[in-house]
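Student: structure of the sequence below:
(one chain, ligands or ions: 1)
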Amino acid sequence: MDSKYFISGKSTITVPSKRKIKLNDLTDQKCLYLQTKQLSGCSIEEERKKLPVFNCRDRILKELETNDTLLIMGETGSGKTTQIPQFLLYSAHARNGVIAVTQPRRVAAITIAKRVAQELSTTVGDIVGYTVRFEDMTSHKTRIRFLTDGVLLREAICDRLLRKYSIIMLDEAHERTVNTDVLLGIVKEAQHKRCIQKLPGLKLIITSATMDIDHFGKYLNVRGMYLEGRTHSVRVLNTKEHQADYMHAVLVTVFEVHRTTPINHDILIFLTGKEEIEVLAQQIRQLAKINSVGSSDVRVFTLYSQLAQGKQLECFLPVPLNTRKIVIATNIAETSITIPGIRCVIDCGFVKEKSYSPTSGLDILQTVRISKAQAWQRSGRAGRDAPGTCYRTYTKEEMLSFENSAEPEILRANLTSTTLQLLALGINIQDFNLLDSPNVKCISNAYTTLENLGAIKSAKLPNITSLGRLMSQFPLDPKYSKLLLSAPTFGCMEEMLSLVAVLSTENIYVNPPDKMELATLAHAKFKSKYGDHLTLLNIYKCFEKTEKTKLWCHDNFLNIRNLIYARNVRCQLLEISTKLGLSFNSCGENLDSVRKCLITGLFGNIAVLQKDGEYLTITGRHRAKIHPSSVLHGSYKPKCVIFAEMVLTGRNFLRQVVEINSEWVEDVVPFIKDLSYINIEK
Ligand SMILES: Nc1ncnc2c1ncn2[C@@H]1O[C@H](COP(=O)(O)OP(=O)(O)OP(=O)(O)O)[C@@H](O)[C@H]1O
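Tutor: Numbers count the residues shown, from 1 in each chain. Below is the predicted model:
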C-alpha cells in the first residue's frame, strides 16, 4: 500500500488506495449530557466540589445509617469512585475497619488510588493504597484500599467474614465480571453472619453508571438510589454510512480531529486488541511526520492488558505543551479510568471477548459488537475534565441492533478457577445464590477438570481435597498451581517456579519492526529444540545470572521490565510455596522432568500431529497449526505437544508449544482414558 497518506483540501483526508471519507460523513447527532461549566483551571479541591456527587454527600451518609446495602447509580464521571470513599473516610461507618473499593481491572485500581491520594494530599501506601495481583501498595495506615475484585475474592478464602473491612464498595458492577458477581453473594453472606455473630457491621455499596438497577435491586432486596447531576457535555457523532473498514475510518477521523481542534484536545481511540492497536499506532506515527500541523507534535501511547504495567501507566502522564496525546486502547480504558486531557473519543464499536465453549471445553477469543452500555461508557471518557466529543465509526441505525448490556461473564466463562475458590470457601457453586445462574454444562466441565487435577475427590461429589486446598492458596489458574505442587515430585521446583513466573508475565521478547532480523538472531541463542517453555526458562536463567541486566536485555532484544516483574512474581510464589512446606529441588540440565511435570497441569492442552502436518487437540478435537511466533514453527514437527493457549480465529493456532513424549502421558495422567488417538502416527 502507498505509504503517503496526506491531508488534502479543507475537509477531506485521502488515504491512497482506499476510498475517501469526508468529514461531513460524520453528522452531528445529539447531546448525550447537559452542558455545565468547564472545570479546567480550578484547583483540585475546587474541582472536587463541582463534581455532581459532592452535593449528594449527606444523602449517601444518611442512607447508610439506615441501610446496610446501597445501590448507587450516577452518570459516568460524576465522582462516584473517587469521592464516595472520601465521604466515608471520616464517617462513623468506617470506624471499625478499612474501606475496600473493588475494580474489575488493575490499571483502574492503581490510577484511581493515585488520584485519591493526590486529592487527600498524601502518597499511595499511606491512608490510600492499592492491591493488585502480585503487587501490594498498602500499609497499616491504609484506610481506603482500592483493589481488584479478584484480590478481594482471594482474601475471602482466608476470612469469609472479611473482618478487615467496615465498608465494601463494588464499583463498576455493570461490567458483571465473574469475580464481582461472586463477591456480591460473598459480601451479602458476610453481612448476615457478622450480624448473627454480633460482630461489627459491614456496609456494602454497589456503584455503576449503567447497571440494570432492577435486576440488582431484586437480588439484593434494596431500592436503587440515583445521584442526579451531570458533568461535562459530550457531543456524539455517528457515521452517516456503514464503514466496512473501521481501522480506515478511525485513521481518517484522527487526522481530521488533529487538523481541526486545538492541540491540547487529546484523543482516546478504542480498538479491539494488541495487533490492531500496534498497527494503528505505527500508521499514526508515520503519518504525523508527513502531515504535521504547524509546529505541533503528536505522542502516541498504547494501552492494552498484555502491556507491561509501567508502559500502561505512561499515557496518564502529561505531555509537553504543543503536543497532542493520542491513546489507543482496548476496553481496558472503557470504565473507571480518567486519562487527563482527553477531549475526544473515537470508538470503533467492537470488542474482543473471551468466551468458553462448554461443548469443546476451550476458551475462544472473538471480536463482537459492543453493547449500548459500553458505547455510553466509551463516550463518557471524553467528558471527564471538560466538554468533549465522541466519534462513533458506526451508524445510529447500527447501534439500534446492539445489545443493551454485555452478557454477564459468568454465563460465558470457564468456571474452573471460580469453582475451586468457592469450594475453598466451603461453597458449592451449584447451590450458591448468584445474580445469574451459570450454565450447568460449564459447571460440570469445571468439576471434571478439578477432579482430573486432583482438587476434588469426584465430579459427582465435589469435596475439596487437601491438594485442592493447597492449589487455592496460589493466585494462579488451578492448572498452574498444580504445576508448582507437582514439581517437587518431579525434582524441578526451582525450574517450575521460574517458568510459572515467566508465564504469568507479559511478552518478554522485543521485536522492533525495523530490527526484526537482529532480534530473531539474538533470540535464537536461547532456543531449546523442545520448544517455547524451555526457551523461556533458558532466558530467565541467563537473566538471573547476568549482572548488567539493562545492557544484556538491550543487546538480546528482551523486555527488562517484564523480566523484573517475573522475578518479583517468582519471589511471591516462592514465599507461598515455603509457607505451604513444599520442598525445593532442581533438575539441573535434565529438563525432561520439567516437560513431564507440565503434563500434570496442562493435560487438557495436548495436541497430536496428524498426517497432513496439522495438530489435533485432545480437548474438543480441534485441528490447529503451531503459531508462527513459536520456536517450534518450521520444518521439524514433534509428534506430541503441550500448548499454553489456542487462538481460534479464521485459522486455529497453538501458542507457546513444547514437545512431549506421548508415552509419558499415560504414566503421568492415567485418568485420561481415551489415549488411543495419541498414537495415530506411530
Ligand atoms: N486520574 C485523574 N486525573 C485527573 N482527573 C481525574 C482523575 N481521576 C478522576 N478525575 C476527575 O474526577 C472526576 C470523577 O471521576 P470518578 O472516577 O470519581 O467518576 P465516576 O462517577 O466513578 O465515573 P465512572 O462511572 O466513569 O467510573 C472525573 O470526571 C475527573 O474530572
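
Student: is the ligand within reach of stretch 324-336?
Tutor: Yes - for stretch 324-336, a contact with the ligand is found by C-beta under 6 Å from any ligand atom, at Thr335, Ser336. C-beta: built from backbone N, CA, C; applies to glycine.

Student: just the C-alpha atoms of that stretch, please, in CSV.
Tutor: The C-alpha coordinates for stretch 324-336 follow below in CSV (Å, rounded to 0.1, in the frame of the first residue of the first chain):
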residue,chain,number,x,y,z
ARG,A,324,-1.3,16.1,21.3
LYS,A,325,-1.6,12.9,23.2
ILE,A,326,-3.2,10.1,21.3
VAL,A,327,-4.0,7.0,23.3
ILE,A,328,-5.1,3.8,21.6
ALA,A,329,-6.7,1.3,23.9
THR,A,330,-8.8,-1.8,24.2
ASN,A,331,-11.9,-1.8,26.5
ILE,A,332,-9.4,-1.7,29.4
ALA,A,333,-9.9,2.1,29.2
GLU,A,334,-13.7,1.9,29.0
THR,A,335,-14.8,2.2,32.6
SER,A,336,-13.4,3.9,35.7
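
Student: for it, what is the average pLDDT?
Tutor: Averaged across stretch 324-336, pLDDT comes to 94.

Student: cool, stretch 509-522 as well?
Tutor: 88.

Student: likewise stretch 154-161?
Tutor: The average pLDDT for stretch 154-161 rounds to 92.

Student: what of stretch 372-390?
Tutor: Mean pLDDT, stretch 372-390: 91.

Student: is any residue of that stretch near the ligand?
Tutor: Yes - residues of stretch 372-390 contacting the ligand under C-beta under 6 Å from any ligand atom: Gly380, Arg384, Asp385.

Student: ends of that stretch, how far apart?
Tutor: 14 Å (C-alpha to C-alpha, to the nearest Å).

Student: same question, stretch 305-324
Tutor: 23 Å.

Student: list the buried residues for it?
Tutor: Leu307, Ala308, Gln309, Lys311, Gln312, Leu313, Cys315, Phe316, Val319, Arg324 (16 or more other C-beta atoms under 10 Å).

Student: now, which of those residues sits nearest the ligand?
Tutor: Nearest to the ligand among those: Phe316, at 6.5 Å, using C-beta to the nearest ligand atom.

Student: so what's that closest one up against?
Tutor: Shown in contact with Phe316 (C-beta atoms under 8 Å, 6 or more residues apart in numbering): Thr111, Ile339, Pro340.

Student: now with 6 Å?
Tutor: With contacts defined as C-beta atoms under 6 Å, 6 or more residues apart in numbering, the neighbours of Phe316 are Thr111, Ile339.

Student: likewise for Ile342?
Tutor: Applying C-beta under 6 Å, 6+ apart, one finds that Ile342 lies in contact with Asp266, Leu268, Arg381.

Student: gap between it and the ligand?
Tutor: Ile342 is 10 Å from the ligand, where distance means C-beta to the nearest ligand atom, to the nearest Å.

Student: quick check: phi and psi on that residue?
Tutor: Dihedral angles of Ile342 (phi, psi; degrees, to the nearest 10) stand at phi -70, psi 120.

Student: just to confirm, which helix or strand has Val647 in it?
Tutor: Here Val647 sits within strand 640-648, counting by DSSP states H and E.

Student: what's that strand packed up against?
Tutor: strand 606-609, strand 652-659 (3 or more C-beta pairs under 6 Å, 6 or more residues apart in numbering; DSSP states H and E).

Student: count the neighbours of the spatially closest residue to Leu303 that is not a sequence neighbour for me.
Tutor: Leaving aside its chain neighbours, Leu303 sits nearest to Ala329 (3.8 Å; criterion: C-beta to C-beta, 6 or more residues apart in numbering). By other C-beta atoms under 10 Å, the residues close to Ala329 number 25.

Student: how close does Ala329 sit to Ile157?
Tutor: Separation of Ala329 from Ile157 (C-beta to C-beta, to the nearest Å) stands at 32 Å.

Student: Ala424 now?
Tutor: Ala424 is 5 Å from Ile157, where distance means C-beta to C-beta.

Student: these two: who's more crowded?
Tutor: Legend: neighbour count by other C-beta under 10 Å for Ala424 and Ile157, higher for Ala424 (21 against 18).

Student: tally of neighbours for Glu517?
Tutor: 8.

Student: which residues are in contact with the residue in the stretch 401-550 of the chain positioned nearest to the ligand?
Tutor: Residue nearest to the ligand within the stretch 401-550 of the chain (C-beta to the nearest ligand atom): Ser405, separated by 14.3 Å. The contact partners of Ser405, by C-beta under 6 Å, 6+ apart, come to Ser371, Ala373.

Student: make it 8 Å
Tutor: Residues in contact with Ser405 (C-beta under 8 Å, 6+ apart) are His174, Arg176, Thr210, Asp212, Ser371, Lys372, Ala373, Gln374.

Student: likewise for Cys597?
Tutor: Each residue near Cys597 by C-beta under 8 Å, 6+ apart is listed here: Leu483, Ser486, Ala487, Phe490, Cys492, Met496.

Student: can you rerun that using 10 Å?
Tutor: 482-484, 486-493, 495-496, 499, 587, 668 (C-beta atoms under 10 Å, 6 or more residues apart in numbering).

Student: assign a three-state SS to whichever residue of the stretch 501-650 of the chain sits closest to the ligand, would you?
Tutor: Closest approach of the stretch 501-650 of the chain to the ligand (C-beta to the nearest ligand atom) occurs at Arg561, with a separation of 21.9 Å. At Arg561, secondary structure determined by DSSP: H, G, I helix; E, B strand; the rest coil is helix.

Student: give me the neighbour count for it.
Tutor: For Arg561, the count of nearby residues is 16 (other C-beta under 10 Å).

Student: Leu609 now?
Tutor: Here the count is done by other C-beta under 10 Å, and Leu609 has 18 residues near it.

Student: does it really touch Pro638, like I thought?
Tutor: Yes - counting by C-beta atoms under 10 Å, Leu609 does reach Pro638; the two are 6.9 Å apart.

Student: residues from the stretch 1-150 of the chain in reach of the ligand?
Tutor: So far as C-beta under 6 Å from any ligand atom goes, the stretch 1-150 of the chain lies against the ligand at Leu51, Gly74, Thr76, Gly77, Ser78, Gly79, Lys80, Thr81, Thr82, Gln83, Thr111, Arg115.

Student: just to revisit the earlier point, neighbouring strands for the strand holding Val647, and are they parallel or not?
Tutor: Here strand 640-648 has these sheet partners by DSSP bridges: strand 606-609 (antiparallel), strand 652-659 (antiparallel).

Student: by neighbour count, which of the contacts of Ser405 wins?
Tutor: Sorting the contacts of Ser405 by how many neighbours each has (other C-beta under 10 Å) puts His174 first, at 26 neighbours.

Student: contact partners for that one?
Tutor: 73, 104, 180, 206-213, 216, 335, 371, 373-374, 376-377, 405-406, 408.

Student: out of the residues you listed, which sit inside strands?
Tutor: Met73, Ile206, Thr207, Ser208 (DSSP state E).

Student: which residues does the last one bridge with?
Tutor: Read it as Ser208. Assessed by DSSP bridges, Ser208 has beta-bridge partners Met73.

Student: could you count how many residues lie near it?
Tutor: Counted with other C-beta under 10 Å, the neighbours of Ser208 add up to 25.

Student: for it, give its distance to Leu411.
Tutor: As judged by C-beta to C-beta, Ser208 and Leu411 stand 18 Å apart.

Student: for Ala624, same thing?
Tutor: From Ala624 to Leu411 the distance is 26 Å (C-beta to C-beta).
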